[in-house]
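Participant: Compute the structure for the input listed below.
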Amino acid sequence: MNPSFEAALDARLHWMSVVSFKGITGFDALAQESEEAASCVVSDLAEYEANHFGRYGATVPPLFAEIPELAALYSRVFQSTARKVESERLKLARQQKAIACIKANAWHEILLPTPEELASDLQSGTDVSIEGHYLSYDEDDRVVWVDNPYGVLGSLGEEPTVGLARTFLACVAMGGMFGPEL
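Facilitator: Numbers count the residues shown, from 1 in each chain. Next comes the predicted model:
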């Protein structure tokens, strides 16, 4: 049997228990237990469908489409999970492009200066803003300072070298930021 259909059928059977137990005095706890079980199955099914492009996709399974509580839960969990899946897909695509551009030394394709340009700009005293980071070189202290997008100030390193610039740019290209990752 198809696992998505099996889960939808399981949810429906749990909901049938909810309806049955709610009509019997003293069975409120069993009704609640069955409702929680149905909700758990529906949530798991919606997550599975969003992650694996299963049988139903964004469409509420017909076996519980007329049950407002389960239909709404399925739609809400599916949409939330689908957004996370898409976000991860875009992040992975950005990282793959960044890796290819870094290997090819094609920094301008990912809208970043080359490490040589960044090192040269900092060495000449030009302050630089990259992906929310603000970099400056203090000649007196011989330190490259950086403010990250959250306004946290830190020392990136000493002299603005091509190697230092490459390390910083690679981190930013991969979606990272100065701070906990660098």
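Participant: In this structure, which helix is the longest?
Facilitator: Longest helix in the chain by number of residues (criterion: DSSP state H): helix 68-103.
Participant: So what touches the lowest-mean-pLDDT helix or strand in the chain?
Facilitator: Ranked by mean pLDDT, DSSP states H and E, the helix or strand of the chain with the weakest confidence is strand 153-157, at a mean of 89. Strand 153-157 is contacted by residues 135, 143, 144, 145, 146, 147, 148, 164, 168, 178, 179, 182 when judged by Cβ atoms under 8 Å, 6 or more residues apart in numbering. Backbone N, C-alpha and C define where each C-beta goes, glycine included.
Participant: So which of the residues you listed sits lowest on pLDDT?
Facilitator: Here the lowest pLDDT out of the contacts of strand 153-157 sits on residue 182, with 53.
Participant: Kindly state the pLDDT recorded for the residue in the chain sticking out farthest from the centre?
Facilitator: Farthest-out residue of the chain from its mean C-alpha position, per Cα atoms, centre = their mean: residue 25, at 46.3 Å. pLDDT recorded at residue 25 is 90.
Participant: and what of the one 5 residues further on?
Facilitator: Looking at residue 30, its pLDDT reads 95.
Participant: is it true that it touches residue 23?
Facilitator: No - in this structure residue 30 lies outside contact range of residue 23 using Cβ atoms under 8 Å: 11.5 Å.
Participant: Neighbour count: the two, which is higher?
Facilitator: Each of residue 30 and residue 23 has its neighbours counted (other Cβ atoms under 10 Å); residue 30 has more, 15 against 9.
Participant: Tell me the spacing between residue 105 and residue 41.
Facilitator: Distance of residue 105 to residue 41, given as Cβ to Cβ, to the nearest Å: 52 Å.
Participant: Looking at the two now, which is surrounded by more residues?
Facilitator: Neighbour count, other Cβ under 10 Å: between residue 105 and residue 41, residue 41 has more, with 22 against 11.
Participant: list the contacts for that one?
Facilitator: 7, 10, 11, 14.
Participant: I'd like to know how far residue 119 sits from residue 112.
Facilitator: Using Cβ to Cβ, we find residue 119 at a distance of 13 Å from residue 112.
Participant: Where do the helices of the protein begin and end?
Facilitator: Using DSSP H, the helices of the chain run over 3-22, 28-52, 68-103, 115-123, 162-173.
Participant: Can you tell me which of these is nearest to residue 58?
Facilitator: Closest approach to residue 58 among those (Cβ to Cβ): helix 68-103, 5.7 Å.
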